[in-house]
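Asker: Sharing a model that was predicted from the sequence below.
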Amino acid sequence: MNKILIIEDDLRVAELIKRGLDEQGFKTTLAYDGLLGKKLALSNEFDLIITDIILPKIDGLELCKEIRRAKPSTPIIMLTALGTTDDKVEGFDAGADDYLVKPFEMRELVVRIKALLNRASRSVETSPIVRYADLELNQNTKQVTRNGVEIDLTPKEFKLLEYLMLNPERVLSRAEIAEKVWDTHFDTGTNFIDVYINYLRKKVDKEFDSKLIHTKSGMGFVLRMEQ
């Protein structure tokens, strides 16, 4: 039975989530503020954590950062009424794996949870080192280097680059990236993927003569050596 920690200060919302997940066979624990949520998260083993952003005592973004430092592999879903691209970027940069805007349907939350749990349970018995050209990514240590120069990436930037490197020289659509990297489907017309691609370009390509991340107009993005 998967154990889930729910950190939500709205008692009605918290109870609704708990009831819905309990009915799905999950074992849930509730925390009504960020401080208690932090204590529970760091002193127990949970398979997944759900947290609101606006919380008393410790806000969800700071809480997410602290949990991520201590529990780098525990999936985290953020729940919030804030749904702009900037809000989502801030949440993912704090270390969240997924982002659900209120109000939402319980079945959508359950789908997101199952997707993250399935991803977390996959074990890859191969070398943790992924290489393309002079770019190197370590899936265990989360370190990225290019031509020996270390590149500092946020958790979501790392996951996006990892997917690009695991699928080199293949054009990846925005829809595929959203599904495979974020386990979700963003609204048509979102520039969310483009925002993260631009972040990666600034860190991976800007200081180097050879560019690796390219846009295929009307199709998506591809990791390849310049022709």
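Answerer: Perfect, I can see it now. What you see is a predicted model, and the numbers here were worked out from it, not measured in a lab. Numbering: from 1, shown residues only.
Asker: so Ile77 touches Ile50, yeah?
Answerer: Yes. The criterion here is Cβ atoms under 8 Å, and Ile77 meets it with Ile50 at 4.9 Å. All C-beta atoms are positioned from the backbone trio N, CA, C, and that covers glycine.
Asker: show me the contacts for the residue most central in space within the chain.
Answerer: Centroid check for the chain by Cα atoms, centre = their mean gives Asp97 as the closest residue, at 2.5 Å. With contact taken as Cβ atoms under 8 Å, 6 or more residues apart in numbering, Asp97 is in contact with 75-77, 116, 155, 182-183.
Asker: make it 10 Å
Answerer: 48-49, 64, 68, 74-78, 91, 112, 115-116, 119-120, 155-156, 159, 181-184 (Cβ atoms under 10 Å, 6 or more residues apart in numbering).
Asker: Next step: the residues you listed restricted to strands.
Answerer: By the criterion of DSSP state E, membership of these in strands covers 48-49, 76-78.
Asker: Following element in sequence after the longest helix seen in the chain, please.
Answerer: Criterion DSSP state H: the longest helix present in the chain is helix 106-121. Later in the chain than helix 106-121, the nearest helix or strand by DSSP states H and E is strand 129-132.
Asker: sorry, back to before: skipping its backbone neighbours, what lies nearest the residue nearest to the centre of the chain in space?
Answerer: Excluding the flanking residues, the one nearest Asp97 by Cβ to Cβ, 6 or more residues apart in numbering is Pro75, at 4.8 Å.
Asker: mind checking how far Leu11 is from Lys57?
Answerer: To Lys57, Leu11 is 16 Å away according to Cβ to Cβ, to the nearest Å.
Asker: of those two, who's got more company?
Answerer: Using other Cβ atoms under 10 Å, the more surrounded residue of Leu11 and Lys57 is Lys57, with 13 against 10.
Asker: dump the residue contacts of the more buried one.
Answerer: Neighbouring residues of Lys57 by Cβ under 10 Å, 6+ apart: 9, 32-38, 63.
Asker: and which of those residues is nearest Lys202?
Answerer: Nearest to Lys202 among the contacts of Lys57: Leu63, at 27.7 Å, using Cβ to Cβ.
Asker: neighbours of the closest one, just the number please.
Answerer: Around Leu63 there are 28 other residues, counting by other Cβ under 10 Å.
Asker: possible to save the contacts of Lys57 as TSV with distance to Leu137 and secondary structure?
Answerer: Shown next, in TSV, are the contacts of Lys57 (distance: Cβ to Cβ, whole Å; DSSP: H, G, I helix; E, B strand; the rest coil):
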residue	distance to Leu137	secondary structure
Asp9	38	coil
Tyr32	39	coil
Asp33	37	coil
Gly34	32	helix
Leu35	35	helix
Leu36	36	helix
Gly37	31	helix
Lys38	30	helix
Leu63	28	helix
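Asker: Report the buried members of these.
Answerer: Neighbour-count burial (16 or more other Cβ atoms under 10 Å) applied to those gives 9, 32, 34, 36-38, 63.
Asker: want to throw those into TSV with pLDDT?
Answerer: Formatted as TSV, those follow (pLDDT from 0 to 100):
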residue	pLDDT
Asp9	93
Tyr32	95
Gly34	94
Leu36	96
Gly37	95
Lys38	94
Leu63	93
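Asker: then stretch 146-166 to CSV, C-alphas only?
Answerer: Extracted C-alpha coordinates of stretch 146-166, given in CSV (Å, rounded to 0.1, in the frame of the first residue of the first chain):
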residue,chain,number,x,y,z
ARG,A,146,29.9,19.7,-20.9
ASN,A,147,33.5,19.5,-22.1
GLY,A,148,34.4,19.0,-18.4
VAL,A,149,32.6,22.1,-17.3
GLU,A,150,29.9,21.4,-14.6
ILE,A,151,26.4,22.8,-15.4
ASP,A,152,24.0,23.6,-12.6
LEU,A,153,20.5,22.6,-13.4
THR,A,154,17.2,22.7,-11.5
PRO,A,155,15.4,19.3,-11.1
LYS,A,156,13.0,19.9,-14.0
GLU,A,157,15.8,21.2,-16.3
PHE,A,158,17.7,18.0,-15.5
LYS,A,159,14.8,15.8,-16.3
LEU,A,160,14.2,17.6,-19.6
LEU,A,161,17.8,17.4,-20.6
GLU,A,162,17.9,13.7,-19.6
TYR,A,163,14.9,12.9,-21.9
LEU,A,164,16.6,14.8,-24.7
MET,A,165,19.8,12.9,-24.2
LEU,A,166,18.0,9.5,-24.0
